[in-house]
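1. Turn this into a model:
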Amino acid sequence: MAETQNASGSLNDLLDGLESALADFLAGTSDVLPARTGELLQDIAYQGARVRREDVRQTALSLLGFHGSAAPLGAGDREQVALLIENLGREIRAEAGRSAGMGRLIAPVARSGPSRNNQVCLLIESRAVAGMLEAALADAGYAPRIIHAMGDLADCAPECAPAAIVADLSACRSDPDTLATLRRFRTEDATRVHLFCLSGADDFAARLEAVRLGATRFLKKPLDVGRLIAILNGVTARQAAEAFRVMLVDDDRSLTDLYAGVLGEAGFVTQACNSPLEAPRLVKEFRPDVIVTDIYMPGCNGLELAALLRQDESLVDTPILFVSSENDIYRQMAALDLGGDDFLSKPVPMDVLLSAVTARSRRARMLRRIRSELTVAKAVAESASEAKSAFLASMSHELRTPLNGILGYAQLLEPELELHPSPEVREFPKAIMRAGWHLLDIINEILDLSRIEAGHLELAPEAVEVAAIVAEAWQTLAPLAARRGIATAMAIPAEACVRADRKRFRQVLLNLLSNAVKYNRENGRVGVAARAEGARWRITVRDTGAGITAASLGELFKPFSRLHAVADGIEGTGIGLALVKRLVEAMGGEVGVASQPGLGSEFWFLLPRA
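-> This next block holds a predicted model:
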């Protein structure tokens, strides 16, 4: 007992010394923490541990974090240090309650809720932007008013305060009355003055400054006026929202009655469940935004209940708050690991419960809305994709019929013009056929791509010898390679055999080899190799062309992406590589590329062994 009293006396002495050492810093006359504060805080942490005062030790260690910070300490840091010193004083001196003059971590934030107030003040440096905002807000049913400084609101009584202030962050920064004005409006329970900070800079420093001013939102310039008005409508509840729904699970009926009464007065709809065995059924019927549950209950404890509810996919995003007398930190952590979102220790203050449930309900409702919007957007996108695929397939079929006729007539015309006196005219049929075959290839590729995207591609997997298909594909491209002086090197083991659709496998190789020739340099080289990798074969096609920059690699396998091919005058549509990727993946493989500007590219794909 004597040792504890001596330690307590020592802690009081250390606290007095710490407050004296930090006087200049807290007064704002110094921007750095004195060197001796480090020693004092270390002594306080040591003494706190010695007398088993973990709260004192942890607060001292938090203060040491500021003392050891390499970054300069600003006004926001000074407020945090002041708050921690107040906490330390209360812990050491066993002061009850909270000091009236204690600083806050950030400026008070306006609370959202129903409001008939439609006044909005504008503190905007640009007259043009201020005028535009004034007109837009007036059209939306608000009563905008342009102010030139926060001091213009000094004589405004709380009951006459605006619903919101839209201000440039730079104007708030330079105005000494900003914090005082906002805090004055927000000390009254019935007053809600929201602050919207506008800034052209969208960095951490700007956003942090807005948070420390108590801004409801940070909005980047140029301002999306529609978004601003939508947020204003939301925080002032001009668009009535459905009440939040809370499920209360506890075997103590008196507690669920108490929680239900407090939440009901705040506008929540509640459902009490005093038997955890009934909870899964009631949750499905009630569809809560938040579930509040005890841990220790007969028949099924709260941890088991949370694990059970989390197995239901429809409840994955529903927040679960544990309210329990359990004070073991490791059991609390286990509760959170099993799917809990928060842990409140009994007896929980009603304002803390209300704040926790409100915050979780808002986030749950917002997440549910976002998921719903994403589902709708996905359905719209899939419908559009299906319509596009159907259109491409129909268009391709319609184009192939007349194109085949054009090619047929060109072939018939060729012998008829062989005796024509003009060499240019004699080449007309060949030019028609070259253009026709090129167009037919494009149509076939588009048709193949649309089939794959629509899920209608038919494959006939079989054992395919890699060397034979490579030789067959290269024979098709050999004349083009010979004209450009491009040599080839093959390194295909005789046993290389993959399970694939023969026609599609040949199509993949033709695409890759064709690109290796087209995008190569004159007198370059093309190398084709295969090697076993576990249960798959890796086939590579390497060229000595100009190569591809790292920034462009991500665009390669997207449809109609041709990078610099158009500027280089190289024919193509940008469909080939997209088709290669989809065909390889449809056959159970994967595809990739490695490239270095000036040294060429290596395309590879993996397919299962036969």
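2. who touches the residue lying closest to Arg371 once chain neighbours are set aside in this structure?
-> Nearest non-adjacent residue to Arg371, counting by Cβ to Cβ, 6 or more residues apart in numbering: Asp317, 7.3 Å away. C-betas here are computed from N, CA, C, even on glycine. Counting by Cβ atoms under 8 Å, 6 or more residues apart in numbering, Asp317 makes contact with 364, 367-368, 371.
3. again, 10 Å this time
-> Residues near Asp317 by Cβ atoms under 10 Å, 6 or more residues apart in numbering: 363-364, 367-368, 371.
4. out of the residues you listed, which is most surrounded?
-> Ala364 (20 neighbours; other Cβ atoms under 10 Å).
5. low-scoring stretches of this protein, by residue?
-> 1-9, 70-71, 94-109, 111-114, 187-191, 237-241, 392-393, 396-397, 454-455, 560-574 (pLDDT under 70).
6. pull the longest helix from it.
-> helix 350-416 (DSSP state H).
7. continuing past that helix, what's the next helix or strand?
-> helix 423-426 (DSSP states H and E).
8. hmm, back to that, the residue nearest to Arg371 belongs to a strand?
-> No - applying DSSP: H, G, I helix; E, B strand; the rest coil, one finds Asp317 to be coil, outside a strand.
9. follow-up on the earlier one: give the other helices and strands that the longest helix of the chain contacts.
-> strand 245-249, helix 253-265, strand 290-293, strand 320-324, strand 342-345, helix 428-454 (3 or more Cβ pairs under 10 Å, 6 or more residues apart in numbering; DSSP states H and E).
10. Could you rerun that using 7 Å?
-> helix 253-265, strand 290-293, strand 320-324, strand 342-345, helix 428-454 (3 or more Cβ pairs under 7 Å, 6 or more residues apart in numbering; DSSP states H and E).
11. Quick one, which of those gets closest to Pro461.
-> helix 428-454 (15.6 Å; Cβ to Cβ).
12. Can you show me the helices along the stretch 451-600 of the chain?
-> 466-483, 502-518, 550-553, 576-586 (DSSP state H, counting those that start in this stretch).
13. Among the ones you listed, which comes closest to Ile231?
-> Here helix 550-553 is closest among the helices of the stretch 451-600 of the chain (Cβ to Cβ), at 35.8 Å.
14. and Leu374, how many neighbours does it have?
-> Neighbour tally, Leu374, other Cβ under 10 Å: 10.
15. now swap in Glu382 and tell me
-> 10.
16. picking up where we left off before, need the contacts of Asp317 in CSV with distance to Ala578, can you?
-> Formatted as CSV, these follow (distance: Cβ to Cβ, whole Å):
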residue, distance to Ala578
Arg363, 39
Ala364, 40
Leu367, 34
Arg368, 35
Arg371, 30
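17. pretty sure Phe25 is touching Leu33, no?
-> Yes - look at Phe25 against Leu33 with Cβ atoms under 7 Å: they come within range, at 5.8 Å.
18. Who has more neighbours out of those two?
-> Higher neighbour count among Phe25 and Leu33: Leu33, with 23 against 20, using other Cβ under 10 Å.
19. Look up the closest residue to that one, ignoring the ones flanking it.
-> Closest to Leu33 by Cβ to Cβ, 6+ apart is His67, at 4.9 Å.
20. Look up how far Val32 lies from the one you found.
-> 9 Å (Cβ to Cβ, to the nearest Å).
21. the more surrounded of the two?
-> A direct count of neighbours by other Cβ under 10 Å for His67 and Val32 places His67 higher, at 18 against 11.
22. That one is in contact with Arg36, isn't it?
-> No - assessed by Cβ under 7 Å, His67 is found out of contact with Arg36, at 10.1 Å.
23. In stretch 265-280, which residues are buried?
-> 268, 270-274, 276, 279-280 (16 or more other Cβ atoms under 10 Å).
24. Could you tell me which of those residues are located in strands?
-> 270-273 (DSSP state E).
25. now the residues you listed as JSON lines including distance to Asn404?
-> Listed next are those as JSON lines, based on distance: Cβ to Cβ, whole Å:
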{"residue": "Thr270", "distance to Asn404": "72"}
{"residue": "Gln271", "distance to Asn404": "69"}
{"residue": "Ala272", "distance to Asn404": "75"}
{"residue": "Cys273", "distance to Asn404": "71"}
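26. Out of these, which is nearest to His456?
-> Gln271 (48.6 Å).
27. now the residue lying closest to that closest one once chain neighbours are set aside: how far from Asp501?
-> Distances taken as Cβ to Cβ, 6+ apart put Phe286 closest to Gln271, at 4.5 Å, once the chain neighbours are dropped. From Phe286 across to Asp501, the span is 53 Å (Cβ to Cβ).
28. Next: Lys581.
-> Applying Cβ to Cβ to Lys581 and Asp501 gives a distance of 15 Å.
29. The residue nearest to Leu33 and Ala610, how far apart?
-> 68 Å.
30. For the contacts of Asp317, which two are the farthest from each other?
-> Farthest pair in these, by Cβ to Cβ: Arg363 and Arg371, 12.4 Å.
31. Now for the nearest residue to Val249 once chain neighbours are set aside: which residues touch it?
-> Among residues not flanking Val249 along the chain, Thr293 sits closest, at 4.0 Å (Cβ to Cβ, 6+ apart). Thr293 sits next to 249-250, 302, 305, 320, 322 when contact means Cβ atoms under 7 Å, 6 or more residues apart in numbering.
32. most neighbours, which of the residues you listed?
-> Neighbour max across the contacts of Thr293 (other Cβ under 10 Å) = Val249, 28 neighbours.
33. Cross-check the contact I'm expecting between it and Asn274.
-> No - counting by Cβ under 7 Å, Val249 stays clear of Asn274, with 8.1 Å between them.
34. that older thread, among the helices and strands packed on helix 350-416, show me which one is buried the most.
-> strand 290-293 (a mean of 27; mean count of other Cβ atoms under 10 Å).
35. Pull up the pairing partners for that one, direction included.
-> strand 245-249 (parallel), strand 320-324 (parallel) (DSSP bridges).
36. Please name the residues that touch the residue nearest to Leu33.
-> 33, 37-38, 41.
37. picking that back up, ok, the contacts of Asp317 vs Arg217, which is closest?
-> Arg363 (15.7 Å).
38. tally of neighbours for Asn12?
-> Asn12, neighbours per other Cβ under 10 Å, totals 13.
39. Show the end-to-end separation of stretch 12-29, please.
-> Distance between the boundary residues of stretch 12-29 (Cα to Cα, to the nearest Å) amounts to 25 Å.
40. who touches it?
-> 30, 33-34, 36-37, 40-41, 43-44, 47, 78, 81-82, 85, 88-89, 92-93.
41. do the same with stretch 146-155
-> 121-123, 130, 134, 175, 177-178, 181.
42. Please repeat the previous calculation with a cut-off of 10 Å.
-> 121-125, 127, 130-131, 133-134, 145, 156, 160-162, 165, 167, 171-172, 174-182, 184-185, 193.
43. Okay, and which of those residues map to strands?
-> Among the contacts of stretch 146-155, DSSP E puts 121-123, 145, 165, 167 in strands.
44. tell me the two of these that are most distant?
-> So, the ones in strands among the contacts of stretch 146-155 by Cβ to Cβ: farthest apart are Arg145 and Ala167, at 12.5 Å.
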